[in-house]
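In: Structure, please.
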Amino acid sequence: MSSADAPIASFDFTSGPLRGTHLILLPASLLHRGGVFLETIPLHAVAAIRIAFVRSARQLAWGGALVLIALILIAVSAPLAALAAGAASDVAAQVHGGQSVAALVLAVFRFLEVCARLLPVLAAALVLWAVALLALGWLGVTTLTLTLGGVERSFGVRGKSAVLYEFADAASERILEARR
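Out: Residues are numbered from 1 along each chain as shown. Down below sits the predicted model:
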């Protein structure tokens, strides 16, 4: 490579769907290189470049909703279990001999009691899921977007990436120089 074709900046995607690919800024083009592909974007074709860090409000909202559901499940677990156990004991006291309907009702109440006692386990699983959603939502995504005529090409990484911001800054400077 001659000095006129030497890379100005580069960015390696180390995680996410673009893992193992690289953005390379050259004086006249931007390359997106992966193991089995190469995409070349001429800088004079780039109408706009945008970089943004965004936290996922959707993931944060779902995480909060799951925590609320878990709290409700924990709150209703003990009363439901007590209600089912009380109903089962009432039915058991009235069962005489082999009454099949009463035995079926007793089995249903015992099953409801077991299900009610398992609600805290379900609540714990929901809390773990909520924590994961809240963490991912708070971590956010940094996205570099190139506008090429009527098409946008986006490159995203999880978290706030200072290196991608620096790459975008260098690309912006090259695009402005290419316009002169």
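
In: helix or strand right after the longest helix along the chain?
Out: In the chain, taking DSSP state H as the definition, the longest helix is helix 100-139. From helix 100-139 onward toward the C-terminus, using DSSP states H and E, the following helix or strand is strand 141-148.

In: Rounded mean pLDDT for that following strand, please.
Out: Mean pLDDT, computed over strand 141-148, is 92.

In: Stretch 64-75 now?
Out: For stretch 64-75, the per-residue pLDDT averages 96.

In: ok, residues contacting it?
Out: Contacts to stretch 64-75, defined as C-beta atoms under 8 Å, 6 or more residues apart in numbering, come from residues Leu119, Pro120, Leu122, Ala123, Ala124, Leu126, Val127, Trp129, Ala130, Leu133, Leu134. Every residue, glycine included, has its C-beta placed from N, CA and C.

In: so where do the helices sit in the chain?
Out: Using DSSP H, the helices assigned to the chain run over residues 57-94, 100-139, 162-179.

In: So which of the ones you listed is nearest Thr21?
Out: helix 162-179 (13.0 Å; C-beta to C-beta).

In: Now do the nearest residue to Gly159 once chain neighbours are set aside against Gly64, distance only.
Out: Once flanking residues are discounted, Gly159 sits nearest to Leu139: 5.3 Å by C-beta to C-beta, 6 or more residues apart in numbering. In this view, Leu139 and Gly64 are 16 Å apart by C-beta to C-beta, to the nearest Å.

In: Tell me which residue is most central in the chain.
Out: Leu136 (5.4 Å; C-alpha atoms, centre = their mean).

In: Give me the nearest residue to that one, chain neighbours excluded.
Out: Leu136 sits nearest to Gln59 (C-beta to C-beta, 6+ apart), 5.5 Å away.
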